[in-house]
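K.L.:
Next come a sequence and a model predicted from it.
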Number of protein chains: 2
Amino acid sequence: MAERLIRNEGVESSTLSAGSMSAVIINIGSELLSGDVINKNFLFLTQKLQEEGIDIVAQIIVGDEREHLTRILKDSLSHYSQIFVTGGLGATEDDITREAISSSVNKPLVLDKKLLKEIKSRYEKWGKRFLPVHERMAKIPEGAIPVTNYVGAAPGFYLECEGRQIFALPGVPEEMRDMWGRIRTFLVREKNVIIRKRVLKCWGLSESEVNGKIKSFLEKDNPRLGITVNPYGVEIRIKAKGGSPRQAEEILEKVERNIKDTIGDNIYAADTTDMEKVVGMLLTLKKKSISLAESCTGGLISHRLTNVPGSSQYFTGGIIVYSNKSKIEKLGVDPEILEKYGAVSKETAREMAVRIREKMGTDLGIAVTGIAGPAGGTREKPVGLVYTALSEANNCWVEEHRFIGERISIKIKSSQAALDLVRRYLLELLKK
Amino acid sequence: MAERLIRNEGVESSTLSAGSMSAVIINIGSELLSGDVINKNFLFLTQKLQEEGIDIVAQIIVGDEREHLTRILKDSLSHYSQIFVTGGLGATEDDITREAISSSVNKPLVLDKKLLKEIKSRYEKWGKRFLPVHERMAKIPEGAIPVTNYVGAAPGFYLECEGRQIFALPGVPEEMRDMWGRIRTFLVREKNVIIRKRVLKCWGLSESEVNGKIKSFLEKDNPRLGITVNPYGVEIRIKAKGGSPRQAEEILEKVERNIKDTIGDNIYAADTTDMEKVVGMLLTLKKKSISLAESCTGGLISHRLTNVPGSSQYFTGGIIVYSNKSKIEKLGVDPEILEKYGAVSKETAREMAVRIREKMGTDLGIAVTGIAGPAGGTREKPVGLVYTALSEANNCWVEEHRFIGERISIKIKSSQAALDLVRRYLLELLKK
């Protein structure tokens, strides 16, 4: 047991030994189970704990039911070494966290007089009446260290119990974030274990293809790899553990290099960088301007490009040509081509890319035409058939895609394919 | 144990008795613990289960670690009667759900030949190669009922075990949503409690204004109300409980009517309907065509309009005019107006709306110009200053907005304001 430490700012670190640490986040509140609230506390804590090198192995949401929470806390105490609890610390009947923690660790709730005084003086300062019911907030499990809430009324607390660390934090996100800075000093970090993470983003390969290419890396425990898929492509998640920051980074970088060697140019970005940022950066670097003629993506590519601050440097504008009429009248597409090959064809895509480049006077012209569905597909030209084209002064490239999914998913995949075509052009990966 | 039922459409309901039901959602995937992914499957399932009158008592996220998942599954089997598992059903090494469920219920995985054939034929249809590794997806626990995945490759399954229901669903949200319709027929529901929900969406009022207007309804337990805010506006969430579907619906409808009377035309949609669908429906109804000239929204409005299937009926196209040059050259904006009032002004917005309508030959012309930031703001014209304009044959309306937030948030709010202007025009709410 840690002795009672000076609380709030300047707390000393605990003397708990750090064995194999595993952390769980328990978010309490029926509203979190309603399906209409984003669990902001979980997202915040996960990011903060990762920065500390602490890995979350599970997250649990429970409602405001005391026995249920007590059981989950007991179970967590026997399987995880660090337990982060948010919510249920207020003064109302459904604030059950104090009682549940008290039962699960077999320590009675005791009134902390100093804490009570502090809470009372806050109410006075706010000009609000302190009610008898508010006294509950000053009761914490025996041996716990209270942590002041500077934003709201309910304090948090920290408790060590049989080698476990329990952190009780408020449920209101801004109170929780404020308290984090003070409670984090209690964190026992796994000694000599530093975690570094990376996400590598691929386009142009299926999940199975990526899996096949990096199969040999997937079986290892350190670095640990995972693969996920979404309309923006396949993501490879790497987690490396090391005895020092340098060692963890070396492990991470080695496997990252190996994966890059194996997968090559299909990797388009890492971590929080997305395709539009990569393309924007390359356009800036190569001093190229770009214009867009969008049909089935209906403005999504322009939207994505203009999400990047400073995009007005390389993106002057685009045209959304949703009908054949507008393709002919606004873009100048040859009606004979449209008639002969159809709106969704290699030839029309090429024509659109050339025309938009000429019309807008840019270095590059991009075009997309396809069938996003759900209607409009035929046997020969099914939903998901999409052509992307890139035109420059001397050349034009057209690519055919067959995407699977719902309308919005096909739009996203089409936008990703078009932007990736620009990326590969700017990296001089396209064959002339 | 349920016997093996006809799968997919037309499945019979289970014969399990509905005692005191308690449901848990287990979402599998290390990426969900990374803090950078929203758990869409949880939000979707919670909403759907509530519509069925099933209350979620806990939600758990676990990574791709088999022993850990098996333990959590075993624990859940001894405490909850319905277990909904998402993710980990794919063909890669870290897809561990099949194995973990098989261990936790002590039923071996068996290869379902019919399922294998089905998966193979899907690969063939997609023109993709079926690899040996894909065979894993056709193995399900003995006694489980496979459920076809029409969107992706990996099937789901349903299993009854010692009075518990286990639903194994894909992790990719659109696959999961698609499968829901087929797997929900297995659900055993608790009798005598029916829940009905509604979300009313408002634009043009602040959170405090909405709160003030519906304050008297907020204190009740049934129907229970909540208010949330996002860049698309303020949402009022209603949850009504009743002893029968009819009773629950009556309670819901009564409060909904009262709220609509209080808030009026600021409510633009309910539930899953969004602004672009409302505008699309009104444009179809009133047989009006529309064209767009977007500056700071950079294609987002076009993207949103074209997310609606069938939008080609009223939306012929749009122009993204990001620079002054393109505003003059491509749209025909009077350079004198641009010079005199600036690109972000009432006058330029008006000019853009008139010009795009003329140029595209549509009934309505919409324009947006503003400063999305983070750079480009001045003291007089700060980041967030946005003008939206609507032009028809005889009139033009321009509105000024001052939005707060990050670049993407300002883009969303601007698109919402422009679409709402169209909505109010079509509902004849604008003053001439």
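P.N.:
Yes, it's here.
K.L.:
Using the centroid of chain A, identify the residue furthest from it.
P.N.:
residue A:336 (46.9 Å; C-alpha atoms, centre = their mean).
K.L.:
quick one: contacts for that one?
P.N.:
The contact partners of residue A:336, taken as C-beta atoms under 8 Å, 6 or more residues apart in numbering or on different chains, number zero. For glycine as for every other residue, the C-beta is placed from the backbone atoms N, C-alpha and C.
K.L.:
Which element, helix or strand, includes it?
P.N.:
For residue A:336, the host element (DSSP states H and E) is helix A:335-341.
K.L.:
how about that helix: buried residues?
P.N.:
Residues of helix A:335-341 classed as buried: A:337-338 (neighbour count, 16 or more other C-beta atoms under 10 Å in any protein chain shown).
K.L.:
Per-residue pLDDT of the residue farthest from the centre of chain A, please?
P.N.:
You'll see residue A:336 listed with a pLDDT of 95.
K.L.:
Can you tell me how far it is from chain B?
P.N.:
Distance, residue A:336 to chain B, by C-beta to the nearest C-beta, to the nearest Å: 21 Å.
K.L.:
Name the residues that touch the helix or strand that the helix holding residue A:336 is followed by?
P.N.:
Once helix A:335-341 ends, the next helix or strand along the chain (criterion: DSSP H and E) is helix A:346-360. Under the contact criterion C-beta under 8 Å, 6+ apart, helix A:346-360 has outside partners A:291-293, A:295, A:316-319, A:321, A:327, A:331-334, A:337-338, A:340-342, A:363-369, A:387-392, A:396, A:398, A:400, B:326, B:330.
K.L.:
export helix A:346-360 as CSV, just CAs?
P.N.:
The C-alpha trace of helix A:346-360 is given here as CSV (Å, rounded to 0.1, in the frame of the first residue of the first chain):
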residue,chain,number,x,y,z
LYS,A,346,-12.4,4.6,-70.7
GLU,A,347,-12.8,7.0,-73.6
THR,A,348,-15.1,9.4,-71.8
ALA,A,349,-12.9,9.5,-68.7
ARG,A,350,-9.9,10.3,-71.0
GLU,A,351,-11.9,13.0,-72.8
MET,A,352,-13.1,14.5,-69.5
ALA,A,353,-9.5,14.7,-68.0
VAL,A,354,-8.2,16.4,-71.2
ARG,A,355,-11.0,18.9,-71.4
ILE,A,356,-10.9,20.0,-67.7
ARG,A,357,-7.2,20.5,-67.9
GLU,A,358,-7.6,22.7,-71.0
LYS,A,359,-10.6,24.5,-69.7
MET,A,360,-9.0,25.3,-66.3
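K.L.:
Kindly report the residues of the stretch 101-250 of chain A close to chain B.
P.N.:
Contact residues (C-beta under 8 Å from any C-beta of the partner chain) of the stretch 101-250 of chain A with chain B: A:197, A:199, A:206-208, A:211-212, A:215, A:218-219, A:225-230, A:235, A:237, A:239.
K.L.:
Go again with 7 Å.
P.N.:
Contact residues, the stretch 101-250 of chain A versus chain B (C-beta under 7 Å from any C-beta of the partner chain): A:207-208, A:211, A:218-219, A:226-229, A:237.
K.L.:
Out of those, which two are the most distant from each other?
P.N.:
Spatially, the most separated pair among those is A:219 and A:229, at 19.8 Å (C-beta to C-beta).
K.L.:
more neighbours, those two?
P.N.:
For residue A:219 versus residue A:229, neighbours defined as other C-beta atoms under 10 Å in any protein chain shown are more numerous around residue A:229 (18 against 9).
K.L.:
Tell me the spacing between the more buried one and residue B:128.
P.N.:
Plainly put, residue A:229 is 14 Å away from residue B:128 if you go by C-beta to C-beta, to the nearest Å.
K.L.:
just residue A:336 next, same as before
P.N.:
According to C-beta to C-beta, residue A:336 and residue B:128 sit 35 Å apart.
K.L.:
same deal with residue A:391?
P.N.:
30 Å.
K.L.:
Residues in contact with the helix or strand containing residue A:99: which ones?
P.N.:
Taking DSSP H and E as the criterion, residue A:99 maps to helix A:97-105. For helix A:97-105, contacts defined as C-beta atoms under 7 Å, 6 or more residues apart in numbering or on different chains pick out A:28, A:66, A:69-70, A:73-74, A:77, A:85, A:87-89, A:108-109, A:139-141, A:159, A:161, A:166, A:168.
K.L.:
Any of the residues you listed buried? List them.
P.N.:
Buried members of the contacts of helix A:97-105, counted by 16+ other C-beta under 10 Å: A:28, A:69-70, A:73, A:77, A:85, A:87-89, A:109, A:139-141, A:159, A:161, A:166, A:168.
K.L.:
Hmm, residue A:195 and residue A:245 touching each other?
P.N.:
No - Residue A:245 lies out of contact with residue A:195 (C-beta atoms under 7 Å); the separation is 9.8 Å.
K.L.:
the more surrounded of those two?
P.N.:
Between residue A:245 and residue A:195, residue A:195 has the larger neighbour count (other C-beta under 10 Å), namely 22 against 12.
K.L.:
Can you dump the C-alpha atoms of stretch A:389-407 in CSV for me?
P.N.:
The C-alpha trace of stretch A:389-407 is given here as CSV (Å, rounded to 0.1, in the frame of the first residue of the first chain):
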residue,chain,number,x,y,z
ALA,A,389,-8.1,9.5,-65.6
LEU,A,390,-5.2,11.9,-65.3
SER,A,391,-4.2,14.2,-68.2
GLU,A,392,-1.0,16.2,-68.4
ALA,A,393,0.4,18.1,-71.4
ASN,A,394,1.8,15.0,-73.2
ASN,A,395,0.1,12.0,-71.8
CYS,A,396,-3.1,10.7,-70.4
TRP,A,397,-3.6,7.7,-68.1
VAL,A,398,-7.0,5.9,-67.5
GLU,A,399,-7.6,3.2,-65.0
GLU,A,400,-10.6,0.9,-64.6
HIS,A,401,-11.9,-0.2,-61.2
ARG,A,402,-14.6,-2.5,-60.0
PHE,A,403,-15.5,-1.5,-56.5
ILE,A,404,-17.8,-3.3,-54.1
GLY,A,405,-20.1,-1.7,-51.5
GLU,A,406,-22.8,0.9,-50.9
ARG,A,407,-23.1,4.2,-52.8
